[in-house]
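> Let me see the structure of the following:
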Amino acid sequence: MSDERSGMAPSGEEVSEALRRCWQPVARVEELRSGPKRAVILGQALAVFLTESGAPAVVADRCPHRGASLSIGTVCGEALQCAYHGWQWDGRDGTCVRVPSLADQGQIPPGARVKCYPAREQWGLVWSALESPVGDLPQVPWLAQGEWQLGHGESFELPVSLGVMLENYRDVAHFAFVHRQTLEMPEQVEPLQVERDGSTVEMTRAMVAGDGIEEIWGTLRRIRYLTHAPNFASGHMQTTTGERCLLHAARAVSATESAHYWLAGVTEDYEYGLEEVIASEEQLYAEDRPVVSTVEPAELSLDSASELSTLADRFTLAYRDAFACFVRTALEDENLNARA
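Down below sits the predicted model:
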């Protein structure tokens, strides 16, 4: 199946089906140290926890015994104990390993198991997927170069699809308006040099802007955007006094609702401390959220003809193409597995 514009844009149903096979962030590791948390992917409630050995685990947030929420339970070794009757479910494969009401644990019902989901940790986030994930977790090449200090900002939810907010991250034309008081960016956008390779999009901009941007981002020389569709975006800012970056990952709560996690990073020689950087990025997110929350339709259209666009939208259009490419790849892979 071709991923070019000549093909029909994926439908909303196809997007949701493909997102079931996408690695998505479900919790911050630090939040899990106080106990399990609930997360929702495409309407499916999950219980996310760290086992006693520190391994991340994700299971369905419903005990198969009497239906209580497992995310209000307690971690017991490598298992999660239901708060209702104390049944314990292994975080590695979901099998029931203990029923307290039974004197003979050999009488545990055969096949007693809670659905288990893949769980990986990266950048202090736990990632999961509802079905066998397509590809690996996102990679950011500059983080492997030099010494970086990373810190988390406050996660948030929006009443729009993950694609709407991810597109905002790449939309350079909105800076002059949504962030008018903060960044003082020019209204006109220079010709954008955008490169797409499958579901990955890159762009580098030389930065010339007003004084306001220096208070937020420092004395910028250039900024590199790297995105992995459908749900990860990053920016690498090189200044005259070091480097900083922003990583943004999103989860599809439903087709029209999303949860967002983000981290900021600085190199040792950057002119501002990490706490200052996180505070400045939070200021920008606070300006974005009220506007993005009003976007209609709430589900990002992958049909390039459905809305008006100009040359300043080259990055966002490339992101939509990359998103469509991911959808088609995920569905093709699913079909191949079904035929195997």
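> List phi and psi for V266.
phi -140, psi 150 (degrees, to the nearest 10).
> burial count for R205?
16 (other C-beta atoms under 10 Å). Any C-beta I mention is one placed from the backbone N, CA and C, and that applies to glycine too.
> Please apply the same query to S234.
So S234, with other C-beta under 10 Å, has 24 neighbours.
> Now that we're looking at it, what pLDDT does it have?
At S234, the pLDDT value in this model is 97.
> shouldn't it be in contact with T227?
Yes - counting by C-beta atoms under 8 Å, S234 does reach T227; the two are 7.1 Å apart.
> residues of the longest helix seen in the chain that come out buried?
The helix that spans the most residues within the chain, counting by DSSP state H, is helix 314-339. The neighbour-count check on helix 314-339 (16 or more other C-beta atoms under 10 Å) flags 314-331, 334 as buried.
> ok, now stretch 147-154?
Of the residues in stretch 147-154, those buried (16+ other C-beta under 10 Å) are W148, H152, G153.
> Quick check: nearest residue in space to V48, chain neighbours excluded?
A27 (4.4 Å; C-beta to C-beta, 6 or more residues apart in numbering).
> Now do that neighbour against G35, distance only.
The spacing between A27 and G35, counted by C-beta to C-beta, to the nearest Å, is 11 Å.
> Looking at those two, which has the bigger crowd around it?
Using other C-beta under 10 Å, the more surrounded residue of A27 and G35 is A27, with 27 against 14.
> Which per-residue confidence value corresponds to D211?
Model confidence at D211, given as pLDDT, is 51.
> again with R205
Looking at R205, its pLDDT stands at 87.
> Over to S293?
98.
> Tell me who's in contact with it.
Counting by C-beta atoms under 8 Å, 6 or more residues apart in numbering, S293 makes contact with L158, P159, V160.
> Tell me, how many residues neighbour the last one?
Going back to what we said before, that points to V160. 22.
> what does the first one give?
L158 is surrounded by 22 other residues when neighbours are defined as other C-beta under 10 Å.
> ditto for the second one
With neighbours defined by other C-beta under 10 Å, the count for P159 comes to 15.
> any idea how far it lies from T316?
Going from P159 to T316 by C-beta to C-beta gives 20 Å.
> Correct me if wrong: E334 contacts E14.
No - the criterion here is C-beta under 8 Å, and E334 misses it with E14 at 10.5 Å.
> Quick one: residues contacting S53.
S53 neighbours (C-beta under 8 Å, 6+ apart): E78.
> before we move on, what about S69?
By C-beta under 8 Å, 6+ apart, the neighbours of S69 are R38, A45, A47, D61, R62, C63, A83.
> and V75, what does it touch?
V75 touches G35, P36, F49, L50, T51, E52, Q81, counting by C-beta under 8 Å, 6+ apart.
> Name the SS class of it, please.
At V75 the chain is in strand, as set by DSSP: H, G, I helix; E, B strand; the rest coil.
> With S132 instead?
Assigned by three-state DSSP, the conformation of S132 is coil.
> how far away is it from S304?
30 Å.
> do the same with A45
For A45, the distance to S304 (C-beta to C-beta) stands at 35 Å.
> Distance to R244 added to the contacts of S293, as TSV?
Formatted as TSV, the contacts of S293 follow (distance: C-beta to C-beta, whole Å):
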residue	distance to R244
L158	24
P159	30
V160	27
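> all helices of the chain, in order?
According to DSSP H, the helices that the chain contains are 12-19, 29-32, 162-170, 175-178, 180-183, 212-217, 274-292, 314-339.
> Quick check: which helices or strands does the last one pack against?
What it means is helix 314-339. Using 3 or more C-beta pairs under 8 Å, 6 or more residues apart in numbering; DSSP states H and E, the elements in contact with helix 314-339 are helix 12-19, helix 162-170, strand 194-197, strand 200-206, strand 220-228.
> For A298, find the nearest of these.
Closest to A298 of these is helix 162-170 (C-beta to C-beta; 6.8 Å).
> Domain-wise, how is this structure divided?
The record's domain parsing of the chain by automatic domain parsing lists 32-128, 141-328.
> Let me know the distance separating the residue lying closest to P133 once chain neighbours are set aside from V291.
On the basis of C-beta to C-beta, 6+ apart, the spatially nearest residue to P133 that is not a chain neighbour turns out to be W23, at 5.0 Å. W23 sits 28 Å away from V291, taking C-beta to C-beta as the criterion.
> Looking at these two, which has the bigger crowd around it?
Neighbours were counted for W23 and for V291 using other C-beta under 10 Å; W23 has more, 22 against 12.
> residues contacting the more buried one?
So W23 contacts R120, W127, S128, A129, P133, G135, D136, L137, P138 (C-beta under 8 Å, 6+ apart).
> Separate out the buried members of those.
The neighbour-count test (16+ other C-beta under 10 Å) marks W127, S128, A129, P133, L137, P138 as buried among the contacts of W23.
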